[in-house]
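In: return atomic coordinates for the entry below.
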Amino acid sequence: MKKSLVALAVAAAVPAFAQAQTSIQLLGSVDVAVESLNKEASSSGKSDLQINDGIWGGSRVGIVGSEDLGNGLKAIFNLEYRARADTGRLANSTRFWQGQSWVGLDGGFGTIKLGRQAVALSYAIEAADLTGQSWYYSSDALAGYTSKRDNTISYATPSLGGFKLYAGYGAGESEATNVAAGDVAKQGDYYSVAGVGDWGAFTFGVGYLSVDGGKINNVKRTNELGASIGTKIGPFGAGLVYAQNETKPVTGASVKDKGYFGNLSYQVSDNGTAYLTYRRDEFKRASNNKHSGVGLAYAHGLSKRTFVYGAVGIGKAEVPGQDNTKPRRVALGIRHFF
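Out: Residues are numbered from 1 along each chain as shown. This next block holds a predicted model:
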């Protein structure tokens, strides 16, 4: 008799969950371009004409959803994988949900997320990147920073007059043993904080991220920081970004990589926008290598979901003891959102 009552109670509860207000959307984009590379830009070492994915943001498919829990509270989730439309393969063969994979709660208190997601620092760096971290010489991975990390719990405040605070903690979940010192440390544990202001005509961001090195390969911690400032006035936009990636060793002096990024945009017409970017990375940790480049692009909208684009990238790589190289790329492509 008790088992029957339990079964009836469970059956009665199921429809209540099914009737909750739920919204699920399939989103994504397909981005493919014809790309011309000189021999210093091509992996083959020869001038080449290729069909490539991802020149302007890449191809991806995402499932996003929310459920109204009442009293202004929502359950939210995001699952996103990256693909290469030029070959049909996954962008990362070892990670299906390469973009994001998180679940969380959103309400008047702010937003909490758990899973693979953007780190707080990335919001500060991207705040002044008018390209959306797309095509040649954007702010993506400036100074070697990592924009997304696994095993993360994060919190974002509601907008406070245009200003938001972000904070996150990630578990490395891989115990590393330092043979020399004989101790065990959590390698990959990290925390990140950032503040971002967006008032339409003016934006700024500042952020910090610190990763436990586990004393592996003489690395105690890696500290990353970024700051940005941008403006949009009428058809004109401009932004500047600085990033720094510092390695603190167990013994010896700290070493810093630095990155600088600047971009301009101008809305030529209702459907077209031109962009100009400059980027420079100084990798002190990698034999003092220096990489810089200029990007020029134009995007023309054919509809609200489809645009065509042209992009040119001219770079310079300086490696001590080697001749400087000057990679050059030209691309014509199309991107469609769904």
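
In: contacts, neighbours, all on C-alpha from now
Out: Fine.

In: dump the one helix or strand residue 83 maps to to PDB, restricted to CA.
Out: For residue 83, the host element (DSSP states H and E) is strand 73-84. Provided in PDB are the C-alpha atoms of strand 73-84 (Å, rounded to 0.1, in the frame of the first residue of the first chain):
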ATOM      1  CA  LEU A  73      14.200  33.700 -10.500                       C
ATOM      2  CA  LYS A  74      15.200  31.700 -13.600                       C
ATOM      3  CA  ALA A  75      17.200  28.600 -14.200                       C
ATOM      4  CA  ILE A  76      19.500  29.100 -17.200                       C
ATOM      5  CA  PHE A  77      22.000  27.000 -19.200                       C
ATOM      6  CA  ASN A  78      24.300  27.300 -22.300                       C
ATOM      7  CA  LEU A  79      25.900  24.400 -24.300                       C
ATOM      8  CA  GLU A  80      28.000  25.400 -27.200                       C
ATOM      9  CA  TYR A  81      30.300  23.400 -29.500                       C
ATOM     10  CA  ARG A  82      32.600  24.700 -32.200                       C
ATOM     11  CA  ALA A  83      32.900  23.100 -35.700                       C
ATOM     12  CA  ARG A  84      34.900  23.700 -38.800                       C
END
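
In: list the strands paired with it, with their directions.
Out: Sheet pairing of strand 73-84 (DSSP bridges) gives strand 59-70 (antiparallel), strand 89-90 (antiparallel), strand 101-107 (antiparallel).

In: need the winner for burial among those strands.
Out: Neighbour counts (mean count of other Cα atoms under 10 Å) averaged over each of those peak at strand 101-107, with a mean of 20.

In: rewinding a little: now the strands paired with strand 73-84 in JSON lines, with distance to residue 32?
Out: As requested, the strands paired with strand 73-84 are exported to JSON lines (distance: least, Cα to Cα, whole Å):
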{"stretch": "strand 59-70", "distance to residue 32": "8"}
{"stretch": "strand 89-90", "distance to residue 32": "13"}
{"stretch": "strand 101-107", "distance to residue 32": "24"}
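
In: which strand residues bridge the nearest residue to residue 105 once chain neighbours are set aside?
Out: In this structure, residue 105 finds its nearest non-sequential neighbour in residue 75, 4.7 Å apart by Cα to Cα, 6 or more residues apart in numbering. Following DSSP bridges, residue 75 is listed with bridge partners residue 67, residue 105.

In: and for residue 75, the neighbour number?
Out: 18 (other Cα atoms under 10 Å).

In: the one 3 residues further on now?
Out: Applying the criterion other Cα under 10 Å, we find 22 residues in the vicinity of residue 78.

In: and what of residue 306?
Out: Residues within reach of residue 306, counting by other Cα under 10 Å, total 16.

In: correct me, but it touches residue 333?
Out: No - using Cα atoms under 8 Å, residue 306 makes no contact with residue 333, being 10.9 Å away.

In: could I get the pLDDT score of the spatially most central residue of the chain?
Out: Centroid check for the chain by Cα atoms, centre = their mean gives residue 147 as the closest residue, at 4.3 Å. pLDDT recorded at residue 147 is 93.

In: residue contacts, it?
Out: 118-119, 121-122, 140-141 (Cα atoms under 8 Å, 6 or more residues apart in numbering).

In: let's see that with 6 Å instead.
Out: By Cα atoms under 6 Å, 6 or more residues apart in numbering, the contact set of residue 147 is 118-119, 122.

In: taking those residues one by one, which sit in strands?
Out: Among these, the ones falling in strands (DSSP state E) are residue 118.

In: quick check, nearest of the contacts of residue 147 to residue 58?
Out: Set against residue 58, the nearest of those by Cα to Cα is residue 118 (17.0 Å).

In: how far away is the closest residue in space to the closest one that isn't next to it in sequence from residue 168?
Out: Nearest in space to residue 118, with sequence neighbours left out and distances taken as Cα to Cα, 6+ apart, is residue 148 at 4.2 Å. Residue 148 sits 11 Å away from residue 168, going by Cα to Cα, to the nearest Å.

In: more crowded one of these two?
Out: Neighbour count, other Cα under 10 Å: between residue 148 and residue 168, residue 168 has more, with 23 against 16.

In: pretty sure the more buried one contacts residue 154?
Out: Yes - between residue 168 and residue 154 a contact is recorded at 4.0 Å, counting by Cα atoms under 6 Å.

In: picking up where we left off before, switch the contacts of residue 147 over to JSON lines; also include neighbour count.
Out: Formatted as JSON lines, these follow (neighbours: other Cα atoms under 10 Å):
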{"residue": "118", "neighbour count": "18"}
{"residue": "119", "neighbour count": "29"}
{"residue": "122", "neighbour count": "27"}
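
In: specify which member of the contacts of residue 147 is nearest to residue 229.
Out: Set against residue 229, the nearest of the contacts of residue 147 by Cα to Cα is residue 122 (13.7 Å).

In: so how far is residue 320 from the closest one?
Out: Distance of residue 122 to residue 320, given as Cα to Cα: 31 Å.

In: for residue 109, what are phi and psi?
Out: phi -80, psi -20 (degrees, to the nearest 10).

In: least confident secondary structure element in the protein?
Out: Here the helix or strand of the chain ranked lowest by mean pLDDT, DSSP states H and E is helix 2-18, holding a mean of 41.

In: taking strand 59-70 as reference, get the angle to the helix or strand just after it.
Out: On the C-terminal side of helix 2-18, the nearest following helix or strand under DSSP H and E is strand 22-37. Between the axes of strand 22-37 and strand 59-70, defined by axes from the mean of the first three to the mean of the last three Cα atoms, to 10 degrees, the angle is 160 degrees.

In: thank you kindly, that will do.
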